[in-house]
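# Sequence and predicted structure, then a few things I'm wondering about:
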Amino acid sequence: MTKHLSVNRLAWKLLDRLHNDPAFYGVDVTQREGATVVDAGIDVRGGFEAGRIITEICMGGCGYAQIASRTYGNLELPSIFIRTDHPVVAMLGSQYAGWQISESNYFAIGSGPARALAQKPKEIYSEIGYRDNSDKAIVVLETAKHPPPTLIRRFAKDCGITAENLAIVLTPTTSIAGTTQVAGRIVETGIHKLRKLGLDSSVILHAWGCAPIPPPHPKFAHAMARTNDAILYGGTAHYIVNHPDDGALERIVEKAPSKASRNYGKPFMEILKEAKMDFYGIDPDVFAPAELLVSNLRTGASFRAGCVDATMLEKALLS
């Protein structure tokens, strides 16, 4: 584990781009309770480039994001391409949306490098053996509301810093920046699924992934459904690992793509309605890339499972 990497210090350099030219990136930067708050889509329009930078912030500055076009059957869509040589720190140590936030009547999902100071959730950091020691922190919230003052103070306390050294980035899923940064979680989604199937995350050395950025939708449920469709029907991820057993690795990869789920094969909005709009009532196996390729550096063998389903992607995104 590369313990010397500071995800918050690296990400703060990216935050400076948004802070120094908010009009160009379509964001709004304010000071609340002493902290820096970046609105990337609640009361402003945001944009692709803001979403791309926020994706890199979410990865703690330990990965790169690019936006280009990619063809999916009859659709040509903007797509976000992710690459990292520090996948465990970037994805599990920073990007993973593992901070469940509840403050009075305010709810949000937190991700980004601040997690590595607050150690949220603790079991992830115990697994990967990583803790940041920065005096600055950045948390990214998937939310359509500004956080209350009590939550801002709580973030600073949980991270062990002053509010003046805290930054909060707000990315509603209904915004372009929001859909971009969610699609940018393609590599992390695959790592989470591989871990669930028994792969030791420490063997993952390098990673690359791509997912379409779906058309925006003004209603949260539909916007969230489209971002899931983008990953589970259009997302691809490639991992380079150092694993001692090709047979065991192949068996894990076979079960990793989204098509291994009983819910696979219909637009995510339909899946959600069948679960009576209960997100946690959905088969968790569906939350995975459409296609995974895992290459074993130790043996030279590669294992591929799943495939992009352009027909289903078109049906889901254009409905």
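Noted; the coordinates are in hand.
# Please make it C-alpha for all contacts and neighbour counts, starting now.
Noted.
# which element is residue 191 on?
helix 186-196 (DSSP states H and E).
# outside of the helix or strand following that helix, which residues touch it?
Downstream of helix 186-196, the next assigned helix or strand under DSSP H and E is strand 204-212. Here strand 204-212 makes contact (C-alpha atoms under 8 Å, 6 or more residues apart in numbering) with 70, 77-88, 183-184, 186-187, 230-231, 234-242.
# quick one: average pLDDT of strand 204-212?
Averaging pLDDT along strand 204-212 yields 98.
# helix or strand right after that strand?
Next in line after strand 204-212, if elements are assigned by DSSP H and E, sits helix 220-234.
# pull the CA atoms of that next one into PDB?
Extracted in PDB, the C-alpha atoms of helix 220-234 (Å, rounded to 0.1, in the frame of the first residue of the first chain):
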ATOM      1  CA  PHE A 220     -33.900  12.500  -9.300                       C
ATOM      2  CA  ALA A 221     -35.300   9.000  -9.600                       C
ATOM      3  CA  HIS A 222     -35.000   9.000 -13.400                       C
ATOM      4  CA  ALA A 223     -31.600  10.700 -13.300                       C
ATOM      5  CA  MET A 224     -30.300   8.100 -10.800                       C
ATOM      6  CA  ALA A 225     -31.800   5.300 -12.900                       C
ATOM      7  CA  ARG A 226     -30.000   6.500 -16.000                       C
ATOM      8  CA  THR A 227     -26.600   6.700 -14.300                       C
ATOM      9  CA  ASN A 228     -27.100   3.100 -13.200                       C
ATOM     10  CA  ASP A 229     -28.100   2.000 -16.700                       C
ATOM     11  CA  ALA A 230     -25.000   3.700 -18.100                       C
ATOM     12  CA  ILE A 231     -22.800   1.500 -15.900                       C
ATOM     13  CA  LEU A 232     -24.600  -1.800 -15.900                       C
ATOM     14  CA  TYR A 233     -25.400  -1.800 -19.600                       C
ATOM     15  CA  GLY A 234     -22.700   0.400 -21.100                       C
END
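# buried ones in it?
220, 222-234 (16 or more other C-alpha atoms under 10 Å).
# Following the chain onward from it, which element is next?
From helix 220-234 onward toward the C-terminus, using DSSP H and E, the following helix or strand is strand 236-241.
# measure stretch 200-215 end to end?
35 Å (C-alpha to C-alpha, to the nearest Å).
# now do stretch 159-173
End-to-end distance of stretch 159-173 (C-alpha to C-alpha): 25 Å.
# I'd like the distance from that stretch to the chain centre, please.
17 Å (C-alpha atoms, centre = their mean, to the nearest Å).
# And residue 148, how close does it get to residue 311?
From residue 148 to residue 311 the distance is 43 Å (C-alpha to C-alpha).
# Flag the shaky bits of this structure, pLDDT-wise.
Applying pLDDT under 70 to the chain flags residues 1-3.
# Cool, thanks, talk later.
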